[in-house]
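A.B. asks: sequence plus predicted model, see below.
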Amino acid sequence: MLKLRETGNNLSSISHPDRESMLKKLQEVESEYDLLLKLTQSLQKKLMDRYHLYQFEQEFQEMTTWLASRQRMADSQDYGQDLEDVEVLQKKFENLEKELSTLGQTQMSAFHDEVKALKRQSHSFLPEIMDQANAINQQWHKLQQAVSNRAENLRAAQQVHRFDYDVSELKAWIQEKDGALGNDNYGHDLNQVQTLLRQHESLERELGAINGEVDCIGGEARMLGLVYPHVRDNLQERL
């Protein structure tokens, strides 16, 4: 093409019978070349845009899969059968929270940076990219809400299981003292009676302590019932 233009410049400076015709043909060739160049550049941009779109869609799928797996963990309805169970679940949940606040935030930031870069490039498939970006944002917000709900429910479960443990301990204590009260041994001499009286006085003091524990447990049940109304009936059944 450079050689043709050089020839055209030479023709414009000389007199030749076919000079005008040759210059016209040269202009036509140059116009066709410019058009071909533009088409080539347009095709290259479309190919690069398609390439970047496929890369973005792969990242989108990986992000969607990762978020979905964490969503299943956050949506779990397992709150354990006892205090030990729920403490194990809380530890696992703390690991999930830590992962989301570190790796999760890092992945979301990188994803948003990629979207911003594609917007600056006036990407040919920007509407599709923005739809996928919005889907990821919605998935992330849904996960954050599920994590918040899971945290609250685990706290409630831990307190209820702690309440169950305290009630079981108190009932075992009461049954132990009830067995002592049902003893028909009243002593066979003065020393035995005095010993039994001292034991009885000690038992009365323990019963006073038990009464305080019963009041404390009842207050705890009322407090839990106010904070977590959905477990109020279950708490009363345990008393």
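C.D. replies: Sure, I can see it.
A.B. asks: what does residue 81 show for phi and psi?
C.D. replies: phi -100, psi -20 (degrees, to the nearest 10).
A.B. asks: ignore the last one, residue 76
C.D. replies: Recorded main-chain torsions at residue 76 are phi -60, psi 140, according to degrees, to the nearest 10.
A.B. asks: pass me the low-pLDDT residue ranges in this structure, would you?
C.D. replies: Scanning the chain with the threshold set as pLDDT under 70 gives 1-23, 26, 177-190, 192-193, 196-197, 199-201, 203-204, 206-239.
A.B. asks: 90 instead?
C.D. replies: For the chain, the stretches with pLDDT under 90 are 1-53, 77, 79-83, 117-127, 152-153, 155-239.
A.B. asks: got the domain ranges for it?
C.D. replies: Split into domains by automatic domain parsing, the chain comes to 2-182, 183-239.
A.B. asks: what's the burial count for residue 148?
C.D. replies: Per other C-beta atoms under 10 Å, the neighbour tally for residue 148 reads 11. All C-beta spots, glycine's among them, are computed from the backbone N, C-alpha and C.
A.B. asks: quick check: which element contains it?
C.D. replies: Here residue 148 sits within helix 126-181, counting by DSSP states H and E.
A.B. asks: how about stretch 121-131: buried residues?
C.D. replies: 123, 124, 125, 126, 129 (16 or more other C-beta atoms under 10 Å).
A.B. asks: next one: stretch 89-100
C.D. replies: The neighbour-count check on stretch 89-100 (16+ other C-beta under 10 Å) flags 89, 90, 93, 96, 100 as buried.
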